[in-house]
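Colleague: Whatever this is, show me its structure:
(one chain, ligands or ions: 3)
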Amino acid sequence: MNNKFFRLFIIIAALAILYYVIPKGTEMIALSYCVMLAGLYCERFFRGAAFAGSLLASFIIIKYAGGHVFVCVASIILFLSVIPIPYYFMNKTKKEEKELSAENAKLKERHTDILAENFRVCEKRKKYEDNIERIMQLYIIGRDLSKNVYMEDYADTVLRAISGRAGVINVSVFMREKGTWKPLAFSKLSLKEEWVKYMSDNKYSVLEKESGCVMAAAPAFCAPEESVVFWPLKIEHELLGCILLTVEKEYVSCYVEEGAIFGPQIALGARRVNLFAEMSERSRNDGLTGLYLKRYFMERLRSEIQREKRYAGGFYLIMLDIDYFKKVNDKYGHLTGDKVLCAIAKILVDCVRPGDLVGRYGGEEFIVFMPMATQYAAKTVAQEINNMVKNKKFHENGENFNVTISAGISSYPKDGQTIDQIIEAADTALYSAKEKGRNSVVLYGR
Ligand code: GH3
Ligand code: MG
Ligand code: MG
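Modeller: Residues are numbered from 1 along each chain as shown. Ligands and ions are numbered 1, 2, ... in the order given. As a prediction, this is how the structure comes out:
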């Protein structure tokens, strides 16, 4: 039952009981006061209840108070004067309620603001956390890159570092070499041909001009929701290479931004690897002829002889020396002598088989290592070199001239067990060739 009606029912029931229980007469005064109080109380639930209660109380007191005029008048004045009291309190309560609800609305608004602020802070924090993670990844990539000394390992590290990241579909690494794009590493090898063609079309010579990362629509062999982001690897406007990322469209701006941070770091790594390659090539190869230097050649020879020993194999060595080279220098000058050395080095490289090693052993002495060769093959190669050198025409000071070369051949294990012994044997054979009148090929012990 409704609470309001229930209370009213209780009050009416209480009044009725009082009416019957309290004896008629002056006791009715008490009843009239009770009615008045009940009316006051009920005003909260029913508008006008205080007024009705006061009227009823006045009626009771007039009818049953037994003619006590003073009591009647005083009571009626009292009854009527209390009518505004509930209104006063109710108005006050209403005002307070209004103020409270206004305050409440303000608090709610503030709560919404705080929630929004909290959301913004969370977003910001997430962004900062993402940035920290990116910086950490940068640090890790930088650290990993600095460990690589060979370009292939370096390209693989770059590939591994980028290809697993959110939104990245494909990564290709290219290096710039003599005006062309040299393909180095691909996260999807199945698309290698397509990307190589895409880059060699040279559409992106724009990379040479642009200073930052470039974004482009994905080519036809990619899905329509993909985009291409180019990270040019540049150091002081020199384009060293390019990392090509295929990313989901929504990640484009993110990776363009990251390229601006990662790009220079990766470019620095590429420069370092290039410098290392250049340095090691310089320490390995002779600057004039491009052939292996004696020191590197001997190192290779040592490891090769170990292998031959392990597999019980054999190899041949050819030592070559240009005949009367001093005369060439004396007659035509050292620069011409250098040209002759280069031409002969080229003949050597052209004559040997793939897998053979050619070194510059001394000033105008050369050495050829022929693994798993037969005596016939070694002799044929030496003879071919001899013929080609003899037939090579040089031109200087309006004069044609040619040079000849002598060769001595030795073999492992027949002519010695150590490198020194085999080299000595080849040297002895070479000496014999010189003794025989030069321009000839001699096998050790023959
Ligand atoms: P042969 O070997 O037939 O006995 O006579 P040769 O005149 O070649 O004698 P030798 O092997 O002793 O001479 C080596 C010469 O090679 C001496 C030097 O002038 C020259 N030579 C050594 N290195 C270079 C070089 O890098 N450039 C030039 N132009 N000459 C060099
Ligand atoms: Mg010599
Ligand atoms: Mg010589």
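
Colleague: average pLDDT for the helix or strand containing Glu133?
Modeller: Applying DSSP states H and E as the criterion places Glu133 in helix 84-145. Helix 84-145 shows a mean pLDDT of 89.

Colleague: other SSEs contacting that helix?
Modeller: With contacts taken as 3 or more C-beta pairs under 8 Å, 6 or more residues apart in numbering; DSSP states H and E, helix 84-145 sits against helix 49-64, helix 151-163, helix 252-284. In short, each C-beta sits where N, CA and C put it, glycine included.

Colleague: got the CA positions of the second one in PDB?
Modeller: As requested, C-alpha coordinates have been extracted for helix 151-163 and formatted as PDB (Å, rounded to 0.1, in the frame of the first residue of the first chain):
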ATOM      1  CA  MET A 151      75.500  -5.300 -45.200                       C
ATOM      2  CA  GLU A 152      73.400  -8.500 -45.500                       C
ATOM      3  CA  ASP A 153      73.300  -8.900 -41.700                       C
ATOM      4  CA  TYR A 154      72.500  -5.300 -41.300                       C
ATOM      5  CA  ALA A 155      69.600  -5.500 -43.800                       C
ATOM      6  CA  ASP A 156      68.200  -8.500 -42.000                       C
ATOM      7  CA  THR A 157      68.400  -6.700 -38.600                       C
ATOM      8  CA  VAL A 158      66.500  -3.800 -40.100                       C
ATOM      9  CA  LEU A 159      63.900  -6.200 -41.600                       C
ATOM     10  CA  ARG A 160      63.400  -8.000 -38.300                       C
ATOM     11  CA  ALA A 161      63.100  -4.700 -36.400                       C
ATOM     12  CA  ILE A 162      60.400  -3.200 -38.500                       C
ATOM     13  CA  SER A 163      58.400  -6.100 -40.000                       C
END
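
Colleague: And the residue lying closest to Arg272 once chain neighbours are set aside, how close does it get to ligand 3?
Modeller: Spatial nearest neighbour of Arg272, excluding adjacent residues (C-beta to C-beta, 6 or more residues apart in numbering): Ser146 at 7.5 Å. From Ser146 across to ligand 3, the span is 47 Å (C-beta to the ion, to the nearest Å).

Colleague: isn't Ser146 right up against Gly269?
Modeller: Yes - using C-beta atoms under 8 Å, Ser146 is in contact with Gly269, at 6.9 Å.

Colleague: for the residue nearest to the spatial centre of the chain, what are its contacts?
Modeller: Central residue of the chain (C-alpha atoms, centre = their mean): Ile162, 3.7 Å from the mean position. Contact analysis of Ile162 by C-beta atoms under 8 Å, 6 or more residues apart in numbering lists Val168, Val171, Ile243, Leu245, Phe262.

Colleague: near ligand 1, which residues of this protein?
Modeller: Within reach of ligand 1 by C-beta under 6 Å from any ligand atom, the chain has these residues: 321-326, 329, 334, 337-338, 341, 363-364, 434, 438.

Colleague: Mind checking what secondary structure Gly359 has?
Modeller: Classification of Gly359 by DSSP: H, G, I helix; E, B strand; the rest coil places it in strand.

Colleague: Phe366 is in contact with that one, correct?
Modeller: Yes - contact status for Gly359 versus Phe366: in contact at 6.9 Å, counting by C-beta under 8 Å.

Colleague: any shared contact partners between those two?
Modeller: By C-beta under 8 Å, 6+ apart, Gly359 and Phe366 have these common neighbours: Leu291.

Colleague: Quick check, Gly355 in contact with Pro371.
Modeller: Yes - if you go by C-beta under 8 Å, Gly355 and Pro371 touch, sitting 6.4 Å apart.

Colleague: Next, work out how far apart the residue nearest to the centre of the chain and ligand 1 are.
Modeller: Separation of Ile162 from ligand 1 (C-beta to the nearest ligand atom, to the nearest Å): 47 Å.

Colleague: cool, Phe89 as well?
Modeller: Computed as C-beta to the nearest ligand atom, the Phe89 to ligand 1 distance reads 118 Å.

Colleague: Gly179 too?
Modeller: Separation of Gly179 from ligand 1 (C-beta to the nearest ligand atom): 32 Å.

Colleague: give me phi/psi at that residue?
Modeller: phi 80, psi 0 (degrees, to the nearest 10).

Colleague: Tell me how many other residues crowd it.
Modeller: 7 (other C-beta atoms under 10 Å).

Colleague: picking that back up, how about the helices and strands packed on helix 84-145, which one is nearest ligand 3?
Modeller: Minimum separation from ligand 3 across those (C-beta to the ion) falls at helix 252-284, 24.3 Å.

Colleague: Which residues of the protein lie near ligand 3?
Modeller: For the chain, the contact set with ligand 3 under C-beta under 5 Å from the ion comprises Asp321, Ile322, Phe325.

Colleague: In helices only, show me the residues you listed.
Modeller: Phe325 (DSSP state H).

Colleague: shared neighbours of Gly355 and Pro371, anything?
Modeller: By C-beta under 8 Å, 6+ apart, Gly355 and Pro371 have no common neighbours.

Colleague: Show me what counts as buried in the one helix or strand Glu193 maps to.
Modeller: Element membership of Glu193 [criterion: DSSP H and E] is helix 192-200. Applying a neighbour-count criterion of 16 or more other C-beta atoms under 10 Å, the buried positions in helix 192-200 are Glu194, Trp195, Val196, Tyr198, Met199.
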